[in-house]
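prediction below, plus the sequence it came from.
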There are 2 protein chains.
Amino acid sequence: MIFRQLFESLSSTYTYLIGDEETGQAILIDPVISAMQRDLAEVHRLGLTLAYTVDTHIHADHITAALELKRTVGSKIAAPAYDRLPCADVGIEEGVPFSLGGITLQPLHTPGHTAGHFAYVLGERVFTGDALLIDGCGRTDFQNGDADTLYKSVHDKLFTLPEDTLVYPGHDYQQRFVSSIAQEKRRNPRLGNDKTLEEFRDIMANLHLPYPRFIDYAVPGNQQCGVCPCELPEDLIRYCNQMTQSQQG
Amino acid sequence: MIFRQLFESLSSTYTYLIGDEETGQAILIDPVISAMQRDLAEVHRLGLTLAYTVDTHIHADHITAALELKRTVGSKIAAPAYDRLPCADVGIEEGVPFSLGGITLQPLHTPGHTAGHFAYVLGERVFTGDALLIDGCGRTDFQNGDADTLYKSVHDKLFTLPEDTLVYPGHDYQQRFVSSIAQEKRRNPRLGNDKTLEEFRDIMANLHLPYPRFIDYAVPGNQQCGVCPCELPEDLIRYCNQMTQSQQG
């Protein structure tokens, strides 16, 4: 199996490239539209063809590259069935492995950041999206987010994985790349084993975060599997079409 | 392959258990004498037999369990050939893979913390001993340690591994378990890519660390592959024989 962790610096998003050496096919988990050409170049450099994109959830901070990749190289779109996206080719459900050649993702429904959020277990790795970040977690105040639900997702599903399971998060804002279930249980300051549900609820209710800057265009855009709104603020344009075009040129 | 990361809390040492499912044999990297019974129990719980212990270097903060494990279960002792330990069964050298069934460690001579220090690459993982810690490194002021040499070992050998290589350190004092080469290049505050040799030399010369508490018994004890000195300060006894006995009882 081929594995690459790729970083998109505008939204501090990790995209994961997983390649099957036998079939030459690849998956991208959570690709970002502004980094699409870089990701595709990496897929091709490795001698692979992109078969699927798989999103963990409807993102609020960036536009998924799922639709643009489908248009460009014909990859299929997998997304949580819970969100009933008409643009998805495959609806992911817990208990139904998602397989491509020798690659098998075990989907875990991990709501709380968003209601339809999924994590994916791949052997010794888990891609936790925004449900569990290194020393943190995604916010719970939009998209049917809920602190009680997130606590339950993390403790009952992610923290019951083997301790050596590698945690690959959806974002990191301090250049950390990887953690383990053992590490998050012991030192996650919000969700570690020393934190009760009441403490977590209190932490999440008092974060005093600003209104998400991109949410009003990102959520509707991602509900269409990655459509850039017609009119974007100047500084967001490079997230979308123009960024993609300038990278091609 | 079976993999377990085990923690010894007195010296904050990580011991790595690597098991070959085909042959049923296991290796322990850097086992600690006080945790020996716990480690052996884990080996047996996994249905494995311990074939080898492999040390990264002559430790100054704990006693290796290599000799006690050999006496107890007949495991062989592998250690860097550079240190010419008469008690070692196998002398490890760079360029000579160390193989056991389906497990192959690629030894890298990484001096600087100690002159004979080795790191071991196992597929996508590297066991970095004390040459490279998460956001840190081992000290360079004893055992022929040298800051210039350590900088060269880390930059020329460890940092030339693929970026997604998982860094499993010899210690961590803040309950971090795992990092990656990409992460250490970007944010190691001593050895990251933004630090010059001159800056590193300056950092290491100004750590103002106390004299290592255990070094005077640990180094001669480990030069004999893990012998407890006859007389130990009261608080160190549990590192050695008595701790082992009390765990058995």
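Cool, got the structure. Residues are numbered from 1 along each chain as shown, chains lettered A, B, ... in the order given.

quick one: the helices in chain A?
Here chain A has its helices, by DSSP state H, at A:36-45, A:66-73, A:147-152, A:181-187, A:197-205, A:215-223, A:241-248.

which among these is found nearest to chain B?
For chain B, the closest of the helices of chain A is helix A:181-187, at 4.2 Å, according to C-beta to the nearest C-beta. Bear in mind the C-beta positions are built from the backbone N, C-alpha and C, glycine included.

what distance separates the closest one from the centre of its chain?
Taking C-alpha atoms, centre = their mean, to the nearest Å, the mean C-alpha location of helix A:181-187 is offset from the chain mean by 20 Å.

ok, that helix near chain B or not?
Yes: legend: contact between helix A:181-187 and chain B by C-beta under 8 Å from any C-beta of the partner chain is shown at A:182-183, A:186-187.

tell me the residues of chain A that contact chain B?
Counting by C-beta under 8 Å from any C-beta, the residues of chain A near chain B are A:3-5, A:124, A:163-164, A:166, A:174-180, A:182-183, A:186-187.

those in strands, which ones?
Counted as lying in strands by DSSP state E, out of those, are A:3-5, A:166, A:179-180.

between the residues you listed, which sits nearest chain B?
For these, the nearest to chain B is A:Ser180 (4.5 Å; C-beta to the nearest C-beta).

could you report the neighbour count for the closest one?
24 (other C-beta atoms under 10 Å in any protein chain shown).

and for A:Ile58?
23.

give the contact list for the residue nearest to it when sequence neighbours are not counted.
Computed as C-beta to C-beta, 6 or more residues apart in numbering or on different chains, the closest residue to A:Ile58 that is not its neighbour in sequence is A:Asn222, at 4.8 Å. With contact taken as C-beta atoms under 8 Å, 6 or more residues apart in numbering or on different chains, A:Asn222 is in contact with A:55, A:58-59, A:63-64.

can you do 6 Å?
A:58-59, A:64 (C-beta atoms under 6 Å, 6 or more residues apart in numbering or on different chains).

please report the distance of it from A:Leu207.
Separation of A:Asn222 from A:Leu207 (C-beta to C-beta, to the nearest Å) stands at 23 Å.

flag the helix or strand of chain A with the lowest per-element mean pLDDT.
helix A:241-248 (a mean of 44; mean pLDDT, DSSP states H and E).

can you redo the contacts of A:Asn222 as a markdown table with pLDDT?
Conversion of the contacts of A:Asn222 to a markdown table gives the following (pLDDT from 0 to 100):
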| residue | pLDDT |
| --- | --- |
| A:Ile58 | 97 |
| A:His59 | 96 |
| A:Thr64 | 96 |
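
how near is A:Arg190 to chain B?
15 Å (C-beta to the nearest C-beta, to the nearest Å).

look at that residue and say how many residues are nearby.
20.

ok, A:Ala119 next?
A:Ala119 has 28 nearby residues by other C-beta under 10 Å.

residues contacting it?
A:Ala119 sits in contact with A:108, A:110, A:126, A:128-129, A:131, where contact means C-beta under 6 Å, 6+ apart.

just among these, which is most surrounded?
In those, the most neighbours by other C-beta under 10 Å go to A:Thr128, 32 neighbours.
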